[in-house]
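Student: Any chance you can model this:
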Amino acid sequence: MRLLKLLAALGQAGGSALSAAWTFPSILASAFLVAWGAEAAQFLMSQGLALAILAWLQTLPEFAVESVIAWEAGKDPERAHLAIANLTGAIRLLLGLGWPMIYFVFVLSGRRGAKRRLPPITLEREHAVEVVGLVPPLLYFLVILWKQWIGWLDAVVLIALYAVYLWMLIRNPPKEEEDLTDAPRVSQWAYRQRGWRQKAAIGGLFAVGGTLLFVTAHPFLESMLAVAAIFGIGQFFLVQWVAPFLSEFPEFVSTFNWARRVTHAPMALMNIVSSNINQWTVLAAMIPLVYGFSHLHYYGTWADFHFDGAQRIEIVLTLLQTALGVLLLANMEFDWLDAGVLLVLWLAQFLVPHWREEVALAYGVWIVILVVLFALGRKKFLAWRYFLETVHT
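Tutor: The predicted model follows:
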């Protein structure tokens with residue numbers, strides 16, 4: 001309830017900053033527990049499906065924040081822009097800051113034994129499902145953008161796209177058992193349990209970590225947002241950048257840890273890509289559903305969520321950034337130039353908010369350059385080929 005009041009006020013300090021003393025270590029503990037669970041689960045199911053489960057647990061706080069904002073927007077349409085701000089900010093934060101963070105941690109952690117000073121992160125063939133999985137929701141969002149509104153039927157389509165994505169992941173085989181030696185000791189312990197104890201141990205890591213995250217998320221967000229409000233951080237900035245960063249903090253923790261281990265950098269990158277797919281489908285679908293039910297509750301009629309000019313710019317900017325991300329991973333590698341471009345363009349819009357149109361143009365220009373490189377054969381479009389191989393396996 002305090003989180004509801006805090007987000008409704010969005011500018012008034014609430015909660016206790018002192019609660020960070022216990023919520024911060026609890027968030028860290030939950031991040032490690034669910035990450036250990038995912039590392040053990042990838043030997044029972046496909047790595048992609050394990051990461052999808054992990055992404056769900058990690059983005060629970062983001063869903064909680066978005067649902068509160070969408071419900072408040074249904075009561076007060078003047079707050080509708082905050083729902084789009086939170087959605088687009090969360091996506092752009094993970095892609096513009098999260099992807100580059102993984103790469104640079106990977107390079108710094110492996111620089112002593114690396115043959116190249118700036119080696120790329122090379123994805124595995126099965127990761128093509130995640131890369132290609134970003135494309136359908138982006139294409140459907142073009143339809144939503146053209147309509148200038150999103151309704152319950154769009155929500156159904158987006159959820160269906162996510163279901164198809166999960167079905168594709170299920171088709172992938174689990175990891176070979178000899179790779180278990182690279183996993184943390186907790187993951188090894190859970191996997192090596194016999195009989196029903198194995199699944200209970202792995203499920204327990206997910207359950208305990210997820211429960212701890214669920215219990216801790218609201219107090220953690222409360223205290224951090226209250227501190228941000230005390231320092232006079234603006235309402236829109238608070239919702240678009242501060243709230244998403246705090247709600248996705250567990251994901252940054254686990255991916256940082258994987259990137260630091262070098263050999264798990266592809267897994268770290270796919271963890272965030274899986275969350276991006278989650279956000280473009282299920283999280284986006286939640287907005288018109290919660291907004292519609294809220295409007296029905298307060299005014300007695302269902303209402304679709306309509307976009308104004310500013311919201312369309314936010315969506316266009318986010319679509320272009322994600323489309324660029326897909327093309328950067330289309331050759332199944334992620335190198336220093338890819339990470340640098342994403343980070344610089346994200347910093348530009350973060351530090352100078354009124355540069356949104358210019359940054360969108362920069363994304364568009366880079367997309368055109370990559371398309372030309374693929375057309376000329378200078379870059380190989382491996383993701384689609386690997387995806388088709390996975391589908392026909």
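
Student: only C-alpha atoms for contact and neighbour calcs from this point on.
Tutor: OK.

Student: now this protein, which segments are flagged as low pLDDT?
Tutor: Residue ranges of the chain with pLDDT under 70: 1-21, 24, 111-116, 177-182, 217-218, 220-236, 238-239, 243, 393.

Student: and the gap between residue 40 and residue 57?
Tutor: Per Cα to Cα, to the nearest Å, residue 40 is found 16 Å from residue 57.

Student: More neighbours: which of these two?
Tutor: Remark: of residue 40 and residue 57, residue 40 carries more neighbours, 31 against 23, as counted by other Cα atoms under 10 Å.

Student: what secondary structure does the closest residue to that one other than its chain neighbours sit in?
Tutor: Closest residue in space to residue 40, ignoring its immediate chain neighbours: residue 187 at 4.8 Å, by Cα to Cα, 6 or more residues apart in numbering. Per DSSP: H, G, I helix; E, B strand; the rest coil, the local secondary structure of residue 187 is helix.

Student: residues touching residue 253, list them.
Tutor: Neighbour list for residue 253: 28, 31-32 [criterion: Cα atoms under 8 Å, 6 or more residues apart in numbering].

Student: So residue 87 sits against residue 64, correct?
Tutor: No. The criterion here is Cα atoms under 8 Å, and residue 87 misses it with residue 64 at 11.9 Å.

Student: between these two, who's got more neighbours?
Tutor: Between residue 87 and residue 64, residue 87 has the larger neighbour count (other Cα under 10 Å), namely 26 against 16.

Student: What are the boundaries of the helices in the stretch 151-300 of the chain?
Tutor: Taking DSSP state H, counting those that start in this stretch as the test, the helices found in the stretch 151-300 of the chain are 152-171, 185-191, 196-230, 235-237, 243-247, 249-260, 265-278, 284-299.

Student: Of all the ones you listed, which one is nearest residue 137?
Tutor: helix 152-171 (6.6 Å; Cα to Cα).

Student: Next, the angle helix 265-278 makes with the closest one.
Tutor: 150 degrees (axes from the mean of the first three to the mean of the last three Cα atoms, to 10 degrees).

Student: which other residues reach helix 152-171?
Tutor: Outside helix 152-171, the residues that touch it by Cα under 8 Å, 6+ apart are 45-46, 48-49, 52, 129, 133, 136-137, 140, 144, 277-278, 280-282, 284-286, 288-289, 304, 390-391.

Student: Need the CA coordinates for it. PDB is fine.
Tutor: Written as PDB, here are the backbone C-alpha positions of helix 152-171 (Å, rounded to 0.1, in the frame of the first residue of the first chain):
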ATOM      1  CA  TRP A 152      -7.300  -6.100 -24.900                       C
ATOM      2  CA  LEU A 153      -7.100  -7.900 -28.300                       C
ATOM      3  CA  ASP A 154      -3.500  -6.600 -28.800                       C
ATOM      4  CA  ALA A 155      -2.700  -8.000 -25.300                       C
ATOM      5  CA  VAL A 156      -4.000 -11.400 -26.400                       C
ATOM      6  CA  VAL A 157      -1.800 -11.300 -29.500                       C
ATOM      7  CA  LEU A 158       1.300 -10.300 -27.500                       C
ATOM      8  CA  ILE A 159       0.800 -13.000 -24.900                       C
ATOM      9  CA  ALA A 160       0.300 -15.500 -27.700                       C
ATOM     10  CA  LEU A 161       3.600 -14.500 -29.300                       C
ATOM     11  CA  TYR A 162       5.300 -15.100 -25.900                       C
ATOM     12  CA  ALA A 163       3.700 -18.500 -25.700                       C
ATOM     13  CA  VAL A 164       5.100 -19.400 -29.100                       C
ATOM     14  CA  TYR A 165       8.500 -18.200 -28.000                       C
ATOM     15  CA  LEU A 166       8.400 -20.500 -25.000                       C
ATOM     16  CA  TRP A 167       7.300 -23.400 -27.200                       C
ATOM     17  CA  MET A 168      10.400 -22.800 -29.300                       C
ATOM     18  CA  LEU A 169      12.600 -22.800 -26.300                       C
ATOM     19  CA  ILE A 170      11.100 -26.100 -25.000                       C
ATOM     20  CA  ARG A 171      12.200 -27.800 -28.300                       C
END
